[in-house]
Each structure stands twice: as structure tokens, then as C-alpha cells.
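1. need a 3D model of the sequence below.
(2 chains)
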Amino acid sequence: MICIRCQNDSKARERSNKRCPSCHGEFAFDRGDAFTDRAFQSAVDSVSAEGRIKWGVEHLHYELCRRKRRRGTRTPMLMTVAISLACVVIAIKAASWAFVLLAIAAAVAAFSWKWMLRKTVLVRKEEFEAIWSRWVSVHGEPKGRIVRRERPAKPRAAEADLGDYSFDRAVICDRARTVDLLLANNFHFENNCAVLSIAGYPLGPFETVRTMLKRNPKLQVFALHDASADGCRLAHRLAHDPAWFGGRVPVTDVGLRPAHREPFKGLFLPAGGGRIPPEDGITPEEAAWLTSYTLELAAIRPEQVLKRLFRAINRKDTEEVATSAGADSGSSSGDSVVDYDSSSFGSDASDSDGGADSFG
Amino acid sequence: MSGICGWVGEAEPGVLDAMLSAIEYRGDRTDTAHAPGVALGYRWWGGRPGKSSGIHRAGPHLSAVAGTFAPPVASPAEALPALLAAGADGMAGLDGAFAGAWWDGERRRLTLIRDPFGVRSLYYTEHGGVFYFASELKQLLAVEGLPVEVNPVALHKYLTFSFVPGEDVPVLGIRRLLPGRVGALEGGRLTVTPYFSLRESLDPRLEDRKTAVRHIRSRLKDAVARRLNGESEVGLFLSGGIDSSGVALWLQEQGVQVKAFSLDFGEHTTEKLQAETVARHLQLPLTFVKVGGEDVGRVLRDLVWKLDLPFGDPVTGPQYLLCRAAREAGLSAVFNGEGGDQLFGGWTSKPMISAELYADLYGEDTREETYLRSYHRFYGREDELYTPEFRARVGGPGQRRALLKPYLESDQATTFLNRVRLADISLKGSQNILPRAERMSNAWGLDARVPLFDRALAEASFRLPPQMKLHGATEKYVLKLVLQRHLPREIVWRRKYGMRVPVTEWVLGPLADTLEDLLGPAALDRRGFFRREYVHRLRVGRNDAHELRRRRIGEKLWTLAMLEAWLRIFIDGRGRRPGAGA
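-> The predicted structure follows:
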């Protein structure tokens, strides 16, 4: 096992008290644990884009899910492949259909095993919390984790005119943690963008910002949410609720919706509620899936959330330019104030400024 | 056009010729004047109205002015001593694009002055007991024996802003007079004082939209009229935005023939259609200047040499080629629409407001730090870019924030928007946009006219309620109201795209060999300032993970490439013209 402090590679018998024989630094994890220190560090590096992106523990949780594979695994798969080949040889020599069927069965088993090897596996919340707490106690808090400040050391003097202006666009989220992700990574600053949660976060500037939004009749609004029943109703609610936009400006739903679920198999959570009715922007097919599952936005790496949201904004800008030049105004959902952008967070999105890296 | 230089002390008379020779492209005529312990030099183009036709001599007094006043006078050099002698009253309305020097032989005092917004530059240094001053840095580097050593602190600022802000320049020991300042050298001591600064003075009468429009319209027209020196035909750089379109309109109202020039980046052009619409509407002859990466590569060394200081905005190459086209069209003066954003609330206003509203949630950036990030260069990335050796030479923390504090925390404004305006005008406007525009024009013997950076207009803009600048999310609101009856609606009220130089496509494509020469591993190792890994990552087209826009790759690489090109010419080559030999 490699020590992340001094890079020394040691065997279990060389370590005592989970300490590196070279630098005597403590390991967070040891043989038999789900992760090594190096694997955990690598997950932190990925989720933080090597320290350049701010992230939350929920993102690290999903990152570890992507890394956790079924262990000890290649031997059974190789054995089934060997059995399959042996059966083919015997079948040819003995001209026996029984061996042909056996060969097919072995091949199916091998491919199934291979598929399972690739599959992500959900690390249970309690398991993750134990791993996280162990890591922090040994190595300290990794850099870049988003931590809300309870009270600023020296609050800035309020600028009286700030509320008199507006924004070009707003991103409204179903979760405060998504708001944290966008704000901590300066998405609002880079895109002249208000960022709020539907439930009123962040509390301090919430009402000021929401009032400011009403000052731009050409405001672009984006709904960003989990693929959950509440999340999928978000755009509809924003578009129609008078406390929000009440039909004044269109709202673009960028996801996640059940249509985005394909790359995230293994990371779905049970929905836990009753039957979801197909209404308020939810189609019957979506309702069927949402009745059983949810998919959290946190399953996507922070860097990709930022880039794909940026891509959605770019798409909207391009559409506006095309519309002002006389082109068709784009997609329609049957709801005149809600657009559904299914491609910006789609797995097949093309290369652009938003980047086309994999979600995971 | 034109430049001055001189010294106070005992120096070799031949030095003056060397200083004037260093700026041959600034004029076809020279004049020099000597008095005991002082010398003055002036270079200018003959036959251009509004310029002094030599150094003014009046008994023990000598004066020279590079550039013009607004409104123009027959001889700025002759007018300058009386204005300076009158003190604050004399300078109260002083405006234009000028840098001047007055030697008062009776008091043995040298007075230097720069225009309010910094169109013209003025540098100074002391060497061997002699005080030297000049319009361009390369003139001072022509002083024999002057040590030429790089100033890492100034480079550190350049790498944040993409230009060098403040009094320091990237050569140790050389400083510059800031815009709107007057410097008096007496008894070997230089005292610098401001004669112009902007302060907010909100006028409640201007809350009335019609009154505000009338007020600003008259000042806009005056600003343009004040910058005409009797020319019957001038050039205009037309972007298709409202600022340059407005200047076109007001020039036409003055009865001047306007030839418009616009950039064509081929498939990457963003505002060509808009420029054509404006030209058609105003019946302006419009020439598109095609600019590709290869074109910029061919002129790169001359571009860097004529810029005089490192400028990392990729717009300088296209500007250079635009100016060449205007010169080839037989023009001697070109107008532009620079300044509209700084005065009336474009670009940084909305991002800064957004950041301020959400400030302190996670306990990171101060207002100054946020502003520094808005330049999108290397602020916060120093550990990745700088070698440890270079890092150790760039000075302590807080020096870049200190440049911003006087504006972003200013008590000369009561509103946040106007504090950001002060920072934009004083830094990006006065120390980047204006000097580089002037140098690109001068590179081709053109006089740069920037009417929106007008003193009376700027003061009027600080009397406006901020909501007349940023109205909801509409930037430059009052300017749009002024122009809405005169220009097509789709020009006035459209969302701004901005002129985007396709620099990423250039540096990763046609300029890749140039980049290899300037930023390849061998070049980086030789200079020792930057880490190979970081620069390599950019050169293979990998953006910093936190950057959302691909153009940042090109902007960063261009900033580094221009710096290396500048270091080769100005530090290694002492500012001599590239290819001119030792």
C-alpha cells in the first residue's frame, strides 16, 4: 500500500499500527477496507478537478461510488471464459448439443460478470460517513470542500444601490447544496446569473435577488434539479407561480429528468413516496420511473455540472440570436412558458466550450 | 503622433538625438532645445493641425507638448506654461490627449503633465544624477549606460491584469506619471499631484429621463466636436456596437466625412452584420479588414515594439492591422468608441454586483479579489504558473489589491456601481485601453481620437443616477436612450456580444510555431519565470478546470507570449527596433 505522504510502497507485515514504515505517517485505511488512502485521495482529486473546483461531500460520496467495484473479480470471469471454450471444443469433438448449450451458458455468465465489473455500486450513506470521518481524522479536511460561513468576520457595508439592478439570467435549484456548488465556484459572477433555491436559500440576499429578477423582462430562467418528483415539477412551478415568474418569462428546464438516467445506473435511490401522478410537467413515462426512483444531481462531478449548465446558457443565447434574426424559436413542450433542454446534461453532448468529458 | 523627451542635469547632448531617434515613426520633424542643465526634444508630423510646430521658447522658458488639447489650440506648447502657472484654475478644464513638459528657467523647475485619462504616456527615471523623461519607454532605454533590468513586481501585475497598472513599469528604476497628474521637479525632488479626479455628485434633476438624455446628448456631441482639428475627413473604427455607432453619428452631424473600418475574422466574426447595418443606415463607406492568425504572426515583433509596454489583450494585433488599413486609405486621424463601457456601466458592472450580493457566504474573496479575477489571467494560479525562483521575486501580498482599494472602497462615490466605474476608468480605461489605442494608431502615423473619454462627459456621467447607466439588466441605458431615434432598434437594444478575437484558434493553429519559439520548453527554461507543465497544458488546448470558456486558453497563452516577446525586445534588446541590429 502506498503512503500518500512519502509515496513509500509497503506490505501489510511492514506496517504497525496502520503507520507507514518510512515516514511513520498514519494510514486512514488498511487492508480489508473498501478503499486505500491513495484511491481516496484520487477520488478527492477527481471531484475537485485537482483543487480547482469547490465541491461538497455529497459529490465525494458519488465519486467513491463510481470507484467502488466488486473486488476479487477477474478470476471467476476468466474461469467461465475457459469453461465456455472447453465446452465448444468438446461439443465439436463429441457433436453434442448439451455441450453447445453449456458453452452458451458459460459465455453469458462471463459477459454478465464483465458487465458487473463496470457497474458503479452505491456506497451506503452510513458507510460513506464512516469513511469520510476516518479520512478527516487522519489527513484533515481536504482543500476545496464547500463550507458555509456562519457569520463573516467583518461584514461588508451594505451598498444601498445593489438591489436597484437586475441579472441577465437566473438559475433556480431544488436544493440549497446545488446553490452552494454554483456560488462557491463563482458561476454567478462568470455568467451574471442569480442563483437561488426554490425554498429561499441563501436566506440573506434571497428576497433582494428575487425582487431584482423582476426588473428584467428578458430574463433567462433555468431550473436545475435532481431527477425526483419535486425536481421535475420545479420548472412548471417557477413558470406559473406568481411569487416567482407567473408566466412573465419562459423557464428552461435543464435537468435532471428521468431521460438523463442512462449513465448513472447503480446510483439511483429509491423514491420512497407514493405513486407520482403525470402532471405539472411530468409525463406518464417519467411518472412511472419517478414513482420508483430518484437520481441526485450530485451524482455528476462538479466540474461537469458547471460546464453543462454553462452549455445550456450558451444554447439559450444562441437561440435568442437566431430568433432575433428571424429563425424558429426552438423546442416546445406544449407548455408555452417551459422549455425542456434535454441535451445539455445529456451523455451525448458534443464538444464545446462546456466540455464533453464524461460525467463520471 | 508626436513625442517628447528631455532631461534635467548634466548629460551628453547626443543622448537627446538617440531618444528622438527611438521614436522615428512618431513624426518626420524634430526640434531640440538646450539651456544650462536642461534639454528638451520634440518629434512630430508636419502639416497636422492642432499640433505644436516646435518647442516653444520664451526667454528662460521652454515647453513642448506631444498631442493635442480638446478643444484644440494652435500651439499646445505655447499655451501650456500659462495653464500650469495658473495652478488649479488653469487646469480646471484641461482636456485632450497630451503629455507636456515646461522648463521654467527662472525657478529652475521642470513641470510634467499627462492628459486626464492617459491617452498619452510619460515616463521618467534618474541615472547618474540626471533626471530623464520621455513619451515612450524605449526612449529612456536609449540612454547609454542606463541599467536595464526586469522588474518582477510589475510583471506580476501584468500577469494578473494583462497590462501593467500603476506607476511601476517592467524595467527597474523607471516610473511613469499617472494620468491626470502633474509632476514638478525642483531641487532634484519630484512632487506628483493630481489635477483631475472623478467624484460622484448625483444630480436629482437627472432622474428625469428626458433631462438626462438632453444633458448627456449635448455633452456627447461636444466631446466629438472638441476632438476635431479642422479635418474634413476622418477614419472611424466601427464595431457595430452603440458606442462607435454613436461616434459615427455625431461626426456626421459635424459635417465631417467618415470612412469606417471594421474587423473581419472570417467564420469567427461576431458583429459583422451589425457593423454593416450601421454603415448602411448612416451611409458610411465601410471597409472590412480581414485578420487571421498568420497576419498577426507576420507583424508580431513590430507590434510588440510599438506597443512599448507589454499588453496581453489579443485585440492589439487586429488594431494594428486596422490602423494600417486606415493609413493606407490616406487618413491621419481615427476615432473610436472606446470608453462607453467604462463611463456608462458596461462589462464589469453586472458581474461585480452579482458577486457583491452573494459576498461572504463562503468566506473567500474580498471585493478587490473578485475584481482581479474578472481579468481572467493568472490571479490565483500563481503557484501553478510561476517557478519558485520567480515567485520569490514578485513581492509580498496585497500589492495588486492596493491598486484597487482607492476606487472600489472610494469615498468619492456613494454607490457601488460608481465605485466599480471609478476602477474601470482608472485601470482598464486609462492604463490599458487608451495607451494601447494611442500606440497602435501612432504605429501608423495616425492620431487616435477617443471622444468618449472626455472630461466634461465623464463628469456628467458621475452626476447621473446609477440607474440611468445600468437600468435593470440594460447596460449603458442613457446612451441607448440618446441613440434610439437615430440608429436601428436592433442595434441599440440588442444584447452585447463584444468583439471576440479568435485567439484560441490562432495560438493553437497558425501561431503554434510562434508559440513554440516564445513559450516552448527551451524558451521557458531560458527565461526561468514559468513552469513548463502549466504552459504545456494550455498549449495542447487544455483549459483550467474552473474556466468555462474556451477563449481563456488563447487569452492566457497570448498574455504569456506577448510578455516573452516584450522581454526579448525591451530587456534583452534594450528596446531597439527588432532587426535593426545593435
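
2. number of residues surrounding residue B:406?
-> For residue B:406, the tally of surrounding residues (other CB atoms under 10 Å in any protein chain shown) stands at 14. From N, CA and C alone the C-beta is placed, and that goes for glycine too.

3. looking at this, it is in a helix?
-> Yes. Counting by DSSP: H, G, I helix; E, B strand; the rest coil, residue B:406 is found in a helix.

4. show the pLDDT at the closest residue to residue B:170 other than its chain neighbours.
-> Closest residue to residue B:170 apart from its sequence neighbours, by CB to CB, 6 or more residues apart in numbering or on different chains: residue B:154 at 4.3 Å. pLDDT for residue B:154: 98.

5. enumerate every residue touching residue B:154.
-> Applying CB atoms under 8 Å, 6 or more residues apart in numbering or on different chains to residue B:154 gives the contacts B:164, B:166, B:168-170.

6. export the residues you listed to TSV and tack on pLDDT, neighbour count and secondary structure?
-> What follows is these, written out as TSV (pLDDT from 0 to 100; neighbours: other CB atoms under 10 Å in any protein chain shown; DSSP: H, G, I helix; E, B strand; the rest coil):
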residue	pLDDT	neighbour count	secondary structure
B:164	97	25	coil
B:166	95	18	coil
B:168	94	18	strand
B:169	97	23	coil
B:170	97	24	coil
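
7. got any ranges where the stretch 301-450 of chain B has weak pLDDT?
-> For the stretch 301-450 of chain B, the stretches with pLDDT under 70 are B:364.

8. tell me the spacing between residue A:1 and chain B.
-> Between residue A:1 and chain B the distance is 28 Å, computed by CB to the nearest CB, to the nearest Å.

9. show me where the stretch 251-400 of chain B has its strands.
-> Here the stretch 251-400 of chain B has its strands, by DSSP state E, counting those that start in this stretch, at B:257-264, B:286-290, B:333-335.

10. now residue 236: which helix or strand?
-> Went with chain A since none was named. helix A:229-240 (DSSP states H and E).

11. chain B, not that one
-> Using DSSP H and E, residue B:236 sits in strand B:233-237.

12. run through the residues that contact residue 8.
-> Unless you meant another one, I'm taking chain A. Applying CB under 8 Å, 6+ apart, we find residue A:8 in contact with A:2, A:20-23.

13. wrong one, I was asking about chain B
-> Residue B:8 makes contacts with B:37-38, B:103, B:110, B:130-131, B:185, as judged by CB under 8 Å, 6+ apart.

14. leaving out the residues flanking it, which one is nearest to it?
-> In space, and not counting its chain neighbours, residue B:8 is closest to residue B:131: 4.5 Å by CB to CB, 6+ apart.

15. write out the residues of the stretch 1-150 of chain A neighbouring chain B.
-> Within the stretch 1-150 of chain A, the positions near chain B by CB under 8 Å from any CB of the partner chain are A:49-50, A:52-54, A:146-149.

16. tabulate these (CSV), appending secondary structure.
-> Shown next, in CSV, are those (three-state DSSP):
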residue, secondary structure
A:49, coil
A:50, coil
A:52, coil
A:53, coil
A:54, coil
A:146, coil
A:147, coil
A:148, coil
A:149, coil
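
17. which residues does the nearest residue to residue A:57 once chain neighbours are set aside contact?
-> Distance criterion CB to CB, 6+ apart; nearest residue to residue A:57, sequence neighbours excluded, is residue A:132 at 6.2 Å. Applying CB under 8 Å, 6+ apart to residue A:132 gives the contacts A:57, A:60-61.

18. again, but for residue B:157
-> If you count contacts by CB under 8 Å, 6+ apart, residue B:157 has them with B:164-166, B:168, B:399-400, B:403.

19. farthest pair in these?
-> Greatest spacing in these, by CB to CB: B:164 and B:399 (12.6 Å).

20. buried sites along stretch B:23-35?
-> Using 16 or more other CB atoms under 10 Å in any protein chain shown as the test for burial, stretch B:23-35 gives B:23, B:25-27, B:30-33.

21. how about the contacts of residue B:154, which pair is most distant?
-> Largest separation among those by CB to CB: B:166 and B:170, giving 11.4 Å.

22. middle-most residue in chain A, spatially?
-> residue A:300 (1.9 Å; CA atoms, centre = their mean).

23. partners of residue B:262 in the sheet?
-> Beta-bridge pairing of residue B:262 under DSSP bridges involves residue B:288.

24. now do the helix or strand hosting residue B:562: distance to the chain's middle.
-> Taking DSSP H and E as the criterion, residue B:562 maps to helix B:551-566. Offset of helix B:551-566 from its chain centre (CA atoms, centre = their mean, to the nearest Å): 18 Å.

25. same question for stretch A:281-293.
-> How far stretch A:281-293 lies from its chain's middle: 20 Å, per CA atoms, centre = their mean.

26. now do stretch B:394-406
-> Distance, stretch centre to chain centre, for stretch B:394-406: 21 Å (CA atoms, centre = their mean).

27. buried residues in it?
-> Neighbour-count burial for stretch B:394-406 flags B:394, B:400, B:403-404 (criterion: 16+ other CB under 10 Å).

28. ok, those vs chain A, which is closest?
-> Distance to chain A across the buried residues of stretch B:394-406 (CB to the nearest CB) is lowest for residue B:404, with 14.7 Å.

29. right, and that closest one touches residue B:371 too?
-> Yes. Using CB atoms under 8 Å, residue B:404 is in contact with residue B:371, at 5.6 Å.

30. quick check: neighbours shared by the two?
-> Residues touching both residue B:404 and residue B:371 (CB under 8 Å, 6+ apart) are residue B:423.

31. mind listing what residue B:571 touches?
-> Contacts of residue B:571 (CB under 8 Å, 6+ apart): B:148-150, B:170-171.

32. of those, which is the nearest to chain A?
-> Lowest distance from chain A to the contacts of residue B:571 (CB to the nearest CB) belongs to residue B:170, with 28.4 Å.

33. kindly state the pLDDT recorded for the closest residue to residue A:128 other than its chain neighbours?
-> The shortest distance from residue A:128 to any non-neighbouring residue, by CB to CB, 6+ apart, is to residue A:61 (4.7 Å). Turning to residue A:61, the model gives it a pLDDT of 95.

34. what about residue A:61, neighbour count?
-> Burial of residue A:61 is recorded as 24 neighbouring residues (other CB under 10 Å).

35. pull the contacting residues for it.
-> For residue A:61, the contact set (CB under 8 Å, 6+ apart) comprises A:123, A:125, A:128, A:132, A:298.

36. what's the helix or strand for it?
-> helix A:57-67.

37. one more: residue B:411?
-> Assessed by DSSP H and E, residue B:411 sits outside every helix and strand.

38. quick one, what contacts residue B:567?
-> By CB under 8 Å, 6+ apart, the contact list for residue B:567 reads B:150, B:527.

39. and the residue nearest to residue B:546 when sequence neighbours are not counted, how many neighbours does it have?
-> The shortest distance from residue B:546 to any non-neighbouring residue, by CB to CB, 6+ apart, is to residue A:52 (4.6 Å). Residue neighbour count, defined by other CB under 10 Å, stands at 16 for residue A:52.

40. how about residue B:107?
-> Residue B:107: 12 surrounding residues under other CB under 10 Å.

41. need the contact list for it.
-> Contact analysis of residue B:107 by CB under 8 Å, 6+ apart lists residue B:186.
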